[in-house]
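1. sequence and predicted model, in that order:
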Amino acid sequence: MTDWSGYLTLILQGALVTAQLTVMGCALALVAAFVAGLGRLAPFAPLRWLATVYIEFFRGTSIFVQLFWVYFVLPFAGITLSPLMAGVLALGLNVGAYGAEVVRGAILSVPKDQYEATIALNLTRLQRMRHVILPQAVPLMLPTFGNNAIELLKATAVVSLISLSDMTFQAQVVRAQTGNTLVPFLAILILYFAMASLISYAVRLLERRMTRGLDGVR
Amino acid sequence: MVPASTKGAGVSDPIIRIQQLEKSFGPLRVLDGLSFDVQPGEKLALIGPSGSGKTTILRMLMTLETISGGRIEVCGEPLYHMQRGGREVPADEAHLHHMRRHIGMVFQHFNLFPHKSVLDNITLAPMLTKGEPRAKAEAHAMELLDMVGLAEKARAMPSQLSGGQKQRVAIARALALKPRIMLFDEVTSALDPELVEEVLLVMKRLAAETDMTMLLVTHEMGFAHEFADRVLFFDKGRIIEQGPPEQIFTHPTHERTQTFLRKIIAAGHRV
Ligand SMILES: Nc1ncnc2c1ncn2[C@@H]1O[C@H](COP(=O)(O)OP(=O)(O)O)[C@@H](O)[C@H]1O
Ligand SMILES: [Mg+2]
């Protein structure tokens, strides 16, 4: 009989790494999505170009290649990151590029009427965004953001390629050491699903809160 | 031939001066050298067939469109131009912001902010643009809501209001910034017929009680007659005829004005 408690602890340690990567990656992705999404709509052309280049580049190359660059190539430029930081950076920037299009789309879908009312009320560009446009656009972003966060969670497994001991990595260690395939892989199957469900639930909760009082509008 | 304002004593500098104004949408030329002045306190009705450019004129005054040529002056300052280094250059966002404080607008479709309560819709701009403290902004907002007869709706969300109520809130919201000029673009034409009267009533009271300059685009000829000091009849971006309402509505001299008024009456609008 194998003593499973030690091995399961190993997998749970991996789950912690996966959770860390997901939370920090999502935080970075959120920031990147707003910066680039708003950048795409900026009144200054250079900002728009910069945002477009970022979005197209990160959507047009694979997460594997991005991770290798961040971890193996950046050190040649004098930037050495821990595996965790490299993972967060690659995941955050990658998913942020998709999020940027969500931000842009949601902002553009706020009716032009609303924008014109803010001009007639003499709000500044920033005030328009902050008080009128974004409060109406963010609820529209949430469902897709939820999907993006789950995509990010699932993509965290790539970090095992730079020797970070996430959940998938630990499951393989356990499998190699015990010779048992079913238990470790069933464990991570359940854990991934639980984490994804948690994200879905949190996003739905947030959505309900933010659209309160808005019923009958859309 | 600008009649003296009802309120002002004698001739004063115009509060709005439109000179050789041009506006094109792509190949479509909507305004082609339009000029007219508006005196401080004057109540102006802009009438004319659909597509004649009335909305475009108001939108240009509210800086919602760019100009293709010509010049607009508001309160003695150019709207779309500014001085820089002794030369006149196109206005930047800061100049437009500076000029917009003179002007407020009420839209055909109200354009209330759906995520804000009635009270917050009204206090938002005074708090942000004038830095008014919330208590002061809310007190003023309540006065305005009282004036439009909606004090009890202060905490309601826009989605809970009828069209007529929404439009009265929109009027209060525009007034909260105390603009010298108010623009009304067909503010009753999106309303069910039975809700038109309550909005017109508010506007009549406003016209009687303030010395604000008001420009009104409307198909309500009866209301224009009562409201306006001067009526401008537009067709294809030009002023065909203008004068006091009695003259335009009872003795229009131009054939196109007569045809237009006949059609409006036939369509069931009161004159
Ligand atoms: N954003 C726009 N793009 C293209 N054409 C426009 C736009 N706005 C108005 N127009 C055109 O300009 C003309 C004048 O429109 P408008 O000022 O709305 O007339 P009115 O308010 O008198 O009915 C119309 O032919 C209309 O189709
Ligand atoms: Mg119009």
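-> Right, received. Where do you want to start? Residues are numbered from 1 along each chain as shown, chains lettered A, B, ... in the order given. Ligands and ions are numbered 1, 2, ... in the order given.

2. elements contacting the longest helix along chain A?
-> Determined from DSSP state H, the single longest helix within chain A is helix A:4-40. In terms of contacts (3 or more Cβ pairs under 8 Å, 6 or more residues apart in numbering or on different chains; DSSP states H and E), helix A:4-40 is packed against helix A:45-60, helix A:83-109, helix A:134-155, helix A:167-178, helix A:182-210. (Each C-beta comes from the backbone N, C-alpha and C, glycine too.)

3. give the buried residues for the last one.
-> The one in question is helix A:182-210. A:183-184, A:187-188, A:191-192, A:195-196, A:199, A:203, A:207, A:210 (16 or more other Cβ atoms under 10 Å in any protein chain shown).

4. output those as CSV; include the columns pLDDT and distance to B:Lys236.
-> Output for the buried residues of helix A:182-210, formatted as CSV (pLDDT from 0 to 100; distance: Cβ to Cβ, whole Å):
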residue, pLDDT, distance to B:Lys236
A:Val183, 93, 81
A:Pro184, 94, 79
A:Ala187, 95, 76
A:Ile188, 95, 72
A:Leu191, 96, 71
A:Tyr192, 97, 67
A:Met195, 97, 65
A:Ala196, 97, 61
A:Ile199, 97, 58
A:Val203, 95, 53
A:Glu207, 91, 49
A:Met210, 85, 47
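
5. so how far is ligand 1 from the residue in the stretch 151-271 of chain B that chain A sits nearest to?
-> Taking Cβ to the nearest Cβ as the measure, the point where the stretch 151-271 of chain B comes nearest chain A is B:Ser159, at 4.0 Å. Plainly put, B:Ser159 is 27 Å away from ligand 1 if you go by Cβ to the nearest ligand atom, to the nearest Å.

6. is that residue in a helix, a strand, or coil?
-> Secondary structure of B:Ser159, reduced to three states by DSSP: H, G, I helix; E, B strand; the rest coil: helix.

7. pretty sure it contacts B:Pro114?
-> Yes - with the criterion set as Cβ atoms under 8 Å, B:Ser159 and B:Pro114 qualify as a contacting pair; they are 6.3 Å apart.

8. what about the chain, any weak spots by pLDDT?
-> Unless you meant another one, I'm taking chain A. Scanning chain A for pLDDT under 70 picks out A:1-2, A:213-218.

9. that answer is for a different chain, and I need it for chain B
-> Low-confidence regions of chain B, defined here as pLDDT under 70, cover residues B:1-11, B:268-271.

10. show me the strands in it, by range?
-> For chain B, the strands identified by DSSP state E occupy B:16-25, B:28-38, B:43-47, B:69-74, B:77-78, B:81-84, B:87-90, B:103-106, B:181-185, B:213-217, B:230-235, B:238-243, in order along the chain.

11. is stretch B:58-66 in proximity to ligand 1?
-> No - with Cβ under 6 Å from any ligand atom as the criterion, ligand 1 is not reached by stretch B:58-66; the gap is at least 7.3 Å.

12. then that stretch to CSV, C-alphas only?
-> Output of stretch B:58-66 as CSV, limited to C-alpha atoms (Å, rounded to 0.1, in the frame of the first residue of the first chain):
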residue,chain,number,x,y,z
LEU,B,58,-27.5,72.8,-32.2
ARG,B,59,-24.9,70.0,-32.2
MET,B,60,-22.3,72.3,-33.5
LEU,B,61,-23.1,74.8,-30.8
MET,B,62,-22.7,72.0,-28.2
THR,B,63,-19.4,71.0,-29.8
LEU,B,64,-20.7,67.5,-30.7
GLU,B,65,-19.7,68.0,-34.3
THR,B,66,-16.7,69.6,-35.8
